[in-house]
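Asks: 3D model of this:
(one chain, ligands or ions: 1)
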Amino acid sequence: MAADPTDSPARTADRVARYKALLAPGSGLREGLERIQHGRTGALVVLGYNRDVAGLFTGGFGIDVPFAPTSLRELAKMDGAILLSSDLSRILYAGVHLAASPEIPTVETGTRHGAADRFARQTGVPVVTVSASMSTIALFLEGERHPILPPGELMNRANQLLKTLGQYADRLRQLLATLTTAELHDQVTDRDVASVLQRWEMSRRLHVETSAAVRELGTDGRLLGLQLQELWPDLSGQIELLALDYTTVEGDPLDVTALAALSTHDVLNLDLVLRELRLAPDDMGGHGHRVLAQIPGLPSTVGPRLVAHFGTVQNLVAAPQHELQGIEGVGEQRAKAIREALLRLEEPGG
Ligand SMILES: Nc1ncnc2c1ncn2[C@@H]1O[C@H](COP(=O)(O)OP(=O)(O)OP(=O)(O)O)[C@@H](O)[C@H]1O
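Replies: Have a look, this model is predicted:
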């Protein structure tokens, strides 16, 4: 079925990322396309078969054989397009003429690439091309051409993205540490909270892009994938707790996903970020979920009980040891440890 124009950009991006992963270095499909590339011939391969596809090609012949990179390469020596089954496990037809409507607009000038673009637009089924003259691979999907980069270029791009993400993550950690200090000294402003969530949103977007680039690398991206995993969980965990520490003017926990709707340009505007977050101005001390999570060895069940009792970081900081001991799960040793940890966090760089 043709692409639904109401499809959200996020769904389209997800589809593109999925097909790029299927075309990742090391995959059978990629190996077949690279063989064609190295043989200096071209190809036009339709990545799926449905009723729309069935009604929109002529000529060629049905073969219905299991997919193999070498078979793809052999069949590409013939003129015309190759049709694969929707799970890409079989080669169904070869040497066919794709008969998409010539009325469909395309910016492609060559006949192979024009046919790929029109066919993908009309059927909603992705088409991949190997250019005989340029020796490039491209994916046509939902009205866009996506270049499939050579492994070396992909690796450079993924490395660069990961490096930038690392810098973003460092800056976010600095902002979170500054917020902790402000919470402990009761000096939090709405701009402190908004700055953290602004940087979080920028990092989150970059993380999505980096994850896609790493997935595109297939098996070559394993090491980068591990580095990416190390970078993320503690940050997303801190942000989840931050959302519980502040409230909106309606009295709800902060919705950190509210910023996802802003354009990249608008995310850079702190006033717009503040407007989206709708922070309650009279509740700017922080409830303490995130601060308590930074205390080593404190069981995850105890933090919420302390927050339920004390309500704010300020009350926690001011609580004498015997009051802390009144909370279920907090004995003398733990009460001392909490007080010491709060004092340590209060110090700059603590
Ligand atoms: N509608 C179509 N259906 C199937 N195959 C097609 C179609 N149009 C073009 N081709 C294939 O493309 C080949 C010609 O490609 P042409 O050089 O004109 O296009 P191109 O987009 O410039 O591609 P390349 O970059 O590979 O040169 C044909 O020999 C044929 O195999």
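Asks: Now do the contacts for residue 34.
Replies: Applying C-beta atoms under 8 Å, 6 or more residues apart in numbering to residue 34 gives no contacts. Glycine gets a C-beta too; all of them are placed from N, C-alpha and C.
Asks: what about the longest helix in this structure?
Replies: Ranked by number of residues, the top helix in the chain under DSSP state H is helix 151-184.
Asks: What residues sit buried inside the next helix-or-strand element following that one?
Replies: Note on helix 151-184: by DSSP states H and E, the next helix or strand toward the C-terminus is helix 190-216. Buried residues in helix 190-216, counting neighbours by 16 or more other C-beta atoms under 10 Å, are found at 192-204, 206-207, 209-216.
Asks: try stretch 148-156
Replies: Here stretch 148-156 shows 148-149, 151, 154-155 as buried, counting by 16+ other C-beta under 10 Å.
Asks: quick one, the helix or strand where residue 30 lies and helix 151-184 angle?
Replies: Per DSSP H and E, residue 30 falls inside helix 28-38. For helix 28-38 against helix 151-184, the angle by axes from the mean of the first three to the mean of the last three C-alpha atoms, to 10 degrees is 130 degrees.
Asks: Nearest to residue 249, out of the buried residues of stretch 148-156: which one, please.
Replies: residue 154 (45.4 Å; C-beta to C-beta).
Asks: which residues touch that closest one?
Replies: 25, 213, 216-217, 220.
Asks: 7 Å - rerun?
Replies: 213, 216-217 (C-beta atoms under 7 Å, 6 or more residues apart in numbering).
Asks: okay, and for the chain, where does confidence drop off?
Replies: 1-7, 348-350 (pLDDT under 70).
Asks: Please name the nearest non-neighbouring residue to the residue in the stretch 201-350 of the chain positioned nearest to the ligand.
Replies: Closest to the ligand within the stretch 201-350 of the chain is residue 216: 22.2 Å, counting by C-beta to the nearest ligand atom. Among residues not flanking residue 216 along the chain, residue 20 sits closest, at 4.6 Å (C-beta to C-beta, 6 or more residues apart in numbering).
Asks: Give me the distance between that neighbour and the ligand.
Replies: Distance, residue 20 to the ligand, by C-beta to the nearest ligand atom, to the nearest Å: 20 Å.
Asks: In terms of helices and strands, where is that residue?
Replies: Short version, using DSSP H and E: residue 20 is in helix 9-22.
Asks: buried set for that helix?
Replies: 15-17, 19-22.
Asks: ok, residues contacting stretch 50-62?
Replies: Stretch 50-62 is contacted by residues 1-2, 46, 80, 83, 86, 92-100, 119, 122-123, 125 when judged by C-beta under 7 Å, 6+ apart.
Asks: Just the buried residues from the residues you listed, in PyMOL please.
Replies: Burial among these is assessed by 16+ other C-beta under 10 Å; the matching PyMOL selection reads:
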select buried, resi 46+80+83+92+93+94+95+96+98+100+119+122+123+125
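Asks: got the buried residues for the longest helix of the chain?
Replies: For helix 151-184, the neighbour count (16+ other C-beta under 10 Å) marks 151, 154-155, 157-159, 161-162, 165, 168-169, 172, 175-176, 179-184 as buried.
Asks: Phi first, then psi, for the closest residue to the ligand within the stretch 1-150 of the chain.
Replies: For the stretch 1-150 of the chain and the ligand, the shortest gap (C-beta to the nearest ligand atom) falls at residue 110, measuring 2.0 Å. Torsion angles at residue 110 (phi, psi; degrees, to the nearest 10) stand at phi -70, psi 150.
Asks: Same question for residue 58.
Replies: The phi/psi pair for residue 58 (degrees, to the nearest 10) is phi -130, psi 160.
Asks: I'd like the distance between it and residue 91.
Replies: 18 Å (C-beta to C-beta, to the nearest Å).
Asks: Next SSE downstream of the longest strand seen in the chain?
Replies: Taking DSSP state E as the criterion, the chain has its longest strand at strand 90-98. Downstream of strand 90-98, the first helix or strand assigned by DSSP H and E is helix 111-123.
Asks: Name the residues that touch the helix or strand harbouring residue 225?
Replies: Using DSSP H and E, residue 225 sits within helix 222-231. With C-beta under 7 Å, 6+ apart as the test, helix 222-231 has contacts from 158, 162, 165-166, 169, 210-211, 214, 217.
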